[in-house]
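Chemist: Predicted model, plus sequence, below.
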Amino acid sequence: MTQINRLPCGLVDQTTTLKFSFNGNIFEGHPGDTLASALLANGQRLVGRSFKYHRPRGIFTAGSEEPNALVELRTGASQEPNTRATVTELFDGLEARSQNHRGSLAFDMMAVTDLLSPFLGAGFYYKTFMWPKSFWEKVYEPAIRSAAGLGSLSGEEDPDVYDKGFLHCDLLIIGAGPAGLAAALNAGKAGLRVILADEDFRMGGRLNAETLSVDGMPGTDWAAKAAGELMNMSNVRMMTRTTVYGGYDHGIYGALERVTDHMPSSGGKPRQILWRIYSKHAILAAGATERPIAFANNDRPGIMLAGAVRAYANRWGVTPGQHVTLFTNNDDGWRTASDLQARGINIAAIIDSRSCDAPAQIAGAEIFMGTHVIDTSGRLGIKSIKLSNRRIVATDCLAVSGGWNPNVHLTCHQRGKPEWRDDIAAFVPGAALPNAMHVAGAACGSLTLAGALTEGHRAADLIISLSGKASHSETPPRAEAEAASISAFWHVQSDTGRAWIDLQNDVTVKDIKLAHKEGYRSVEHLKRYTTLGMATDQGKTANVLALAVMAEQTGQSIRETGTTIFRPPYTPVAIGAFAGRARGRDFRPFRLTPSHNWAAVQGATFVEAGAWLRAQMFPRAGESHWRQTVDREVAQTRKSVGICDVTTLGKIDIQGRDAAEFLNRVYANGFAKLAVGKVRYGLMLREDGFVMDDGTTARLAEHHYLMTTTTANAGLVFRHLEFCRQCLWPELDVHLISVTDGWAQFSVAGPNSRRLLQKIVDPTHNISNAAFPYMACGDVTICGGTRARLFRISFSGELAYELAVPARFGAALISVLMAAGDEFEAIAYGTEALGAMRIEKGHPAGNELNGQTTALNLGFGAMLSDKKDCIGNTLSRRPALVAPDALRMMGFKPVDLSQSLASGAHFVASGKAATTENDEGWMTSVTFSPELGHSIGLGFIKRGHERIGEIVIAADPLRGQSIAVEIVSPHFVDPEGVRLRG
Amino acid sequence: MHYSAWSLFWQGLKGNTDWKPAWREPQPKGRYDVIIVGGGGHGLAAAYYLSSVYGITNVAVIEKGWIGSGNAGRNTTIIRSNYLLPGNEPFYELSMKLWEGLEQDFNFNAMVSQRGVLNLCHTDGQRDAYARRGNAMLMAGADAVLLDPVGVRRMCPFLDFDNARFPIKGGLWQKRGGTARHDAVVWGYARGADSRGVDIIQNCEVTGFVMENGVCKGVETSRGTIMAGKVGVSVAGSSGRVMAGAGMRLPIESHVLQAFVSEGLKPIIPGVVTYGAGHFYISQSDKGGLVFGGDIDGYNSYAQRGNLPVVEDVCESGMALVPMIGRARLLRMWGGVMDMSMDGSPIIDKTPVDGLYFNGGWCYGGFKATPASGYCFAHLLATDVPHPTATAYRLDRFRTGAVIDEKGAGAQPNLH
Amino acid sequence: MIINHPLLGPRDAQEFTYFGDASLINRPDWQAEDAAELFYEYLHVRDNPAGEHRELWYHEHGDRSWLVVTRNTLTHEISKVEIARDVALTRRHGQ
């Protein structure tokens, strides 16, 4: 197919041909084209269907504000829905498909909705589909959902990678049109660190779309020269294809750079980069967006914004039609006629709503002043227009200009409110701009080229002087002032036809009137009731028009009517870009224990514990069920000796003359009298009296302690201790440092643990039961002089130690321990066996220390002393926390010992129904006890300590189970603690 | 005017010229039996139930801006009753039952859509906690199903099962959970209350309270003094500001929560899915947008906007859970002011000031509670005793220690 | 947001963890007559101002300083940043 609408001009490389496909048809275009310009060049006017009424639609704009020309780009996992053809750079082999139709694009079966439009006005669905009640989920909603959305996701994982980056600058300039370029030249020459970002792939903005001159040369040439100059400044970073999508606090801007979207494939590069830009100052030079005028059937393919029509002609060498008509309310629109006519395109007619003298004469064009377009014809593309003087004019492209709206979006991201200006009939940035933001050019309402150049230059002047530098360019670039007079005109009154305002969501003037009639008059109600401005284009071409129509209905001014809130992002941003590389296995970093690689070689399975991966168990050949493995690990530990990596426990080194006092205040139980060389269990409360964490703290020397925390709470506890130290008791001489990663630590548990350790610990250290009793600790050396710390503490209930070495020796130590344990048939055990043994022993862990429990609940009520202050002491005495029927942590065993208990079951008294009113507590942790040979559990039950021996029901309706259980002591194994002292 | 398919058809034939305003724009009267401060979902629901259930129709709802302009108008539309604690679950189940009959009750289609809510778990401890919760739900008369990984995969094959940093170990599914069209809930209650005589007064800011001998007798507003038998305050994120007018300090901080919606896409996500290893929940609206959110920004704010770290955190979690959404584009992000309480649970109670009642502390979970919150607040205003499902929502519970702390995070609002 | 750390200069707020109102520094006397009431108020009841707010931030991914940041909750503008320990010490000496 030939490019029937291609003109011999523009900024595309017509010597090179690119092939692309649209709905399977092969077309040709050139480097520099967008998909939209190439489609127009090939005479493809129909490109999509609207959301609600499935109206045929064509390309409407030449920029990121496009409401109609959305396509699915690429194929397979790379399929990209809702991609705007107007900003999609053409590349060889590009594949695009139109969206939102059943059947072909030209014969969409869903277009029947258009015929039903009298019944489908704004908010129709709020008034029906309510009967019969069950039909919503079964009939109505499935039907509505089947019509939902525009494009579709592939359903596959996004195959591309995304990067994130951080940039710092003195001045961020958003938009490289005339204002942005003038500002960048000035600031760049003055030596500021400048970032110039533009969403387009070519610097210059509207200069590339117009035929105006700057400094005596064509605007496009000036833009190219300016960009070249800036490119050579080492202090200026030029970022094309980069959309500054949001403004955030303190001069931080979010920007998206599209790195490979203009290429056939990303070729291993990141597809896009999400930049966080830290700026001292910013100049918003984002230009303006043209808006249409509403009239009956103003949505047909071939009806386009006037500025877009001449952009296609001037920049891309494409005419959207051969018999072009123009409908305008302002002088700027006339430039479309003169530019196209200069390129040899026939201008059939110019219709201007203003009753004044024609601002120009265009050869061959009929001119109708004070006239409106009142209707159009052409089902799949415009064929003719009907004027208010009843004339019918044949045309294949109607260019419409209703004036220009400054792109104020980024001035509003911090809740700034734009202000209305009557002279340009548009909103401009309000006086309360985000800190250090300046606005220049069309974005500020200066809609002439000369104004933009001057403002950009002057804004940079201001920032240069604020930065303590001097400007090296006295005068801004020069341009002739062009005519820009406008007389606000919003929509042509019509009693019959529908006049579109929001093209994508099919919101018409009638819908606005209906919303008004039904009381949805606030702009936000209007938006929400009609879905105005909620489509992918966020109403960039629609919103102001809608406000004007609403203002007309209420009799208020547009200023009084106000606008909806502009929110980030300026244009939609891929979710993948916000995620960057944090996805899949890389979602969060892994923390690995020192014995991780060793455990992996042993065939361990691993489990996530926060960011840590811990060995869960060490299955052996022949073990077909995980229980076999865990039972063996427990049994062997209790029989001989087992070794477990406990490095993940938080470790906090505490030093200072007041360290003892500090500990005494952060722990609920007393720590003032802990002797050097001893360890003590510590229970830590939050200030609200609930348990925060538990662990042990060892006194290594007079003013030196080492605290351990649970794995899960290591960070929380450290933060809390620093708060206590710095904010509550700054007078105490105490210092903290986290040494969790500094020490590898292994539990060596079981009756043979001492004998094993005696083979490793250097003989100069006596670790006999007498010299190193239960709860002893101290510095030792092992393996002939390696520094280590030994703690005689037990989580399993067995004779047990924890041995710590500097982390770099951890990997070696596990091998040494296992080798030394060979004669005892020592085994390594994982978190499952650890958990089973602690339940047998009745130690609370994560399921019991869940932030909802008190010392009293855990059976540690006696630990609290009213003789000292400590965090949480006062509030732990609140009435509800010490109520007589408070929960108590107890042990539970099934009456029928062959039954298995389940965590999460709730306790109710025998004979009572399982209801909220009868709820007495719940099972927190269960395990099979190899020692006892049956299932056991820990749980909380009201007044449990007074109910030992009582049979209650562990109700588990979730899993269809209800088991009679006996309340027992939580200490199933060695309740007297003989073993751990042995 | 009754809404129905017939009225829609008839009006369509007549050119849609006879539709009436969904609610009036009355001038405030000098006195009402009850004034509700705050025209959000909760305030309007309270007025609706006062008029429809408790027969009190001389009621005004006073709204600073436009109705539904607070959190009712900017949330992720999820409804569910999957709570753990006995102080909460019966209340939220009441709410769910009210949702289930709401549209027929107030004659407005709020698109209550029970497509299910699935909470995923990623550790054994989390699964134990979900089992405890699921049983609590069933014991309160709600529905719950515990799924294993196979069951989750059958329901949501698009989740990351094969390359996940935190593998999915199962999930707790509430079939009756789902979403509702948030704005329509506001409008439905407003229209229903208005038709029963309630005055909805928009663009009227309450600037203070009329106090006589320590008793609240009305409100001062930007449109003059309005007297009342009782005043109920239901202003969510503005609770601190408004109640300061009665000299009260609250166990509440105002925080910003951001939420997100993507461009419209053909349906691909069936119900609501929440991630258990990161801050992320997602559903897809009937219009096709992916609606998702995560954690609060974490600092006190009334600015109704957030910052980038949370945006990135939410999207990271989203990509970790649902890797197919990478090429979907985030269309709009917004922030609302959350009245974060000290235990993450709400307050519906009398205040120390006679005649002044308070409803707040909804944190970021107020939307699903809208019907029950309105119902229970109406009950309290009408009878002066708490509704049986809302007896735990006392203002003094931090003094007594009877907190309702679902997360076990303690008295730090940004952890709830 | 950017917090201008008194020791380290401007840092992204992402490096910090937020805690709450700076009045949390003022922990009551446990031996006071009305200690229960004082602690209840200290921990739970907030001014929650819409405007200037003194609040505690912890440089968790940095030097572990607790800071008192004066920030406007309507605009997020930060007008002052102090080392919390200095604030706490000053308060002590003021008593």
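Modeler: That came in fine, so what should we check first?
Chemist: residues from chain C in reach of chain B?
Modeler: C:1, C:12-14, C:17-21, C:37, C:40, C:43-50, C:53, C:55, C:71, C:73-76 (Cβ under 8 Å from any Cβ of the partner chain). C-beta coordinates here come from the backbone N, C-alpha and C atoms, glycine included.
Chemist: Helices of chain C, start to end?
Modeler: C:35-44, C:84-94 (DSSP state H).
Chemist: what about the first one, average pLDDT?
Modeler: Per-residue pLDDT values over helix C:35-44 give a mean of 98.
Chemist: Now do that helix: distance to the chain's middle.
Modeler: 17 Å (Cα atoms, centre = their mean, to the nearest Å).
Chemist: ok, residue B:30 - how many residues close by?
Modeler: 9 (other Cβ atoms under 10 Å in any protein chain shown).
Chemist: For chain C, give me its nearest residue in the stretch 551-700 of chain A.
Modeler: residue A:687 (5.4 Å; Cβ to the nearest Cβ).
Chemist: about what we covered before: PyMOL command for the buried members of the residues of chain C next to chain B?
Modeler: Typed into PyMOL, the line below selects the buried ones among those, using 16 or more other Cβ atoms under 10 Å in any protein chain shown:
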select buried, chain C and resi 1+12+13+14+17+18+19+20+21+40+43+44+45+46+48+49+50+53+55+71+73+74+75+76
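Chemist: Which ones, among the residues of chain C next to chain B, also lie beside chain A?
Modeler: Among the residues of chain C next to chain B, the ones lying near chain A by Cβ under 8 Å from any Cβ are C:1, C:17, C:19, C:40, C:43, C:75-76.
Chemist: any low-confidence regions in the stretch 701-850 of chain A?
Modeler: Counting by pLDDT under 70, the stretch 701-850 of chain A has no low-confidence residues at all.
Chemist: Strands of that one, residue ranges please.
Modeler: A:704-709, A:735-738, A:743-749, A:777-782, A:786-791, A:800-806, A:827-828 (DSSP state E, counting those that start in this stretch).
Chemist: Out of these, which gets nearest to residue A:483?
Modeler: Among those, strand A:735-738 comes nearest to residue A:483, with 69.4 Å by Cβ to Cβ.
Chemist: Just the pLDDT for the residue lying closest to residue A:881 once chain neighbours are set aside.
Modeler: Leaving aside its sequence neighbours, residue A:881 sits nearest to residue B:401 (Cβ to Cβ, 6 or more residues apart in numbering or on different chains; 4.4 Å). Note on residue B:401: pLDDT of 97.
Chemist: How about the secondary structure of residue B:241?
Modeler: Following DSSP: H, G, I helix; E, B strand; the rest coil, residue B:241 is assigned to helix.
Chemist: Next, count neighbours for residue 11.
Modeler: No chain specified, so I'll use chain A. Other residues within reach of residue A:11, judged by other Cβ under 10 Å, total 17.
Chemist: wait, I meant chain C there
Modeler: Count around residue C:11 with other Cβ under 10 Å applied: 20.
Chemist: just checking, residue A:42 touches residue A:20?
Modeler: No - counting by Cβ atoms under 8 Å, residue A:42 does not reach residue A:20; the two are 9.6 Å apart.
Chemist: what is in contact with these two at once?
Modeler: Shared contacts of residue A:42 and residue A:20 (Cβ atoms under 8 Å, 6 or more residues apart in numbering or on different chains): A:27-29.
Chemist: Give me the subset of the residues you listed lying in strands.
Modeler: Among these, the members found in strands (DSSP state E) are A:27-29.
Chemist: what residues are up against residue B:209?
Modeler: Taking Cβ under 8 Å, 6+ apart as the criterion, residue B:209 is in contact with B:216, B:218-220, B:231, B:245-246, B:353, B:356.
Chemist: I'd like the distance between the most centrally placed residue in chain B and residue B:413.
Modeler: For chain B, the residue nearest the mean C-alpha position is residue B:367 (1.5 Å; Cα atoms, centre = their mean). Residue B:367 sits 18 Å away from residue B:413, going by Cβ to Cβ, to the nearest Å.
Chemist: Can you give me the neighbour number for residue 343?
Modeler: Here I'm looking at chain A. Residue A:343: 17 neighbours (other Cβ under 10 Å).
Chemist: ah, I was thinking of chain B
Modeler: 29.
Chemist: Could you check the pLDDT of it?
Modeler: On pLDDT, residue B:343 comes in at 97.
Chemist: My read is that it contacts residue B:415, right?
Modeler: No - checked against Cβ under 8 Å, the pair residue B:343 and residue B:415 is beyond contact range at 10.4 Å.
Chemist: Local confidence estimate at residue B:17?
Modeler: 88.
Chemist: what's the neighbour count on residue A:43?
Modeler: For residue A:43, the count of nearby residues is 19 (other Cβ under 10 Å).
Chemist: Nearest residue to it in space, please, no chain neighbours.
Modeler: The spatial neighbour of residue A:43 that comes closest, neighbours along the chain excluded (Cβ to Cβ, 6+ apart), is residue A:4 at 4.7 Å.
Chemist: Residue A:335 in helix, strand or coil?
Modeler: Classification of residue A:335 using three-state DSSP returns helix.
Chemist: Let me see the contact set for it.
Modeler: Listed by Cβ under 8 Å, 6+ apart, the contact partners of residue A:335 are A:210-211, A:306, A:310, A:482.
Chemist: quick one: which of those residues is most hemmed in?
Modeler: Most crowded among the contacts of residue A:335, counting by other Cβ under 10 Å, is residue A:310 at 29 neighbours.
Chemist: Is stretch B:233-245 positioned near chain C?
Modeler: Yes - looking at stretch B:233-245 against chain C by Cβ under 8 Å from any Cβ, the contacts come from B:239-241.
Chemist: what about that stretch, near chain A?
Modeler: No - Stretch B:233-245 lies apart from chain A when judged by Cβ under 8 Å from any Cβ; the minimum separation is 14.1 Å.
Chemist: mean confidence score for that stretch?
Modeler: Averaged across stretch B:233-245, the pLDDT comes to 96.
Chemist: residues making contact with that stretch?
Modeler: Outside stretch B:233-245, the residues touching it (Cβ under 8 Å, 6+ apart) are B:36-38, B:40, B:42-43, B:46, B:64, B:70-71, B:206-209, B:249-250, B:252-254, B:302, B:336-339, B:351, B:356-362, B:366, B:373, B:377, C:46-50.
Chemist: Among those residues, which ones are in strands?
Modeler: Those of the contacts of stretch B:233-245 mapping onto strands are B:36-37, B:206-209, B:252-254, B:336-339, B:356-360, per DSSP E.
Chemist: So among these, which ones count as buried?
Modeler: Among the ones in strands among the contacts of stretch B:233-245, those buried by neighbour count (16+ other Cβ under 10 Å) are B:36-37, B:206, B:209, B:252-254, B:336-339, B:356-360.
Chemist: what residue ranges in the chain score low on pLDDT?
Modeler: The chain I'm using is chain A. Chain A contains residues with pLDDT under 70 at A:1.
Chemist: The intended chain is chain C.
Modeler: Along chain C, the model assigns pLDDT under 70 to residues C:94-95.
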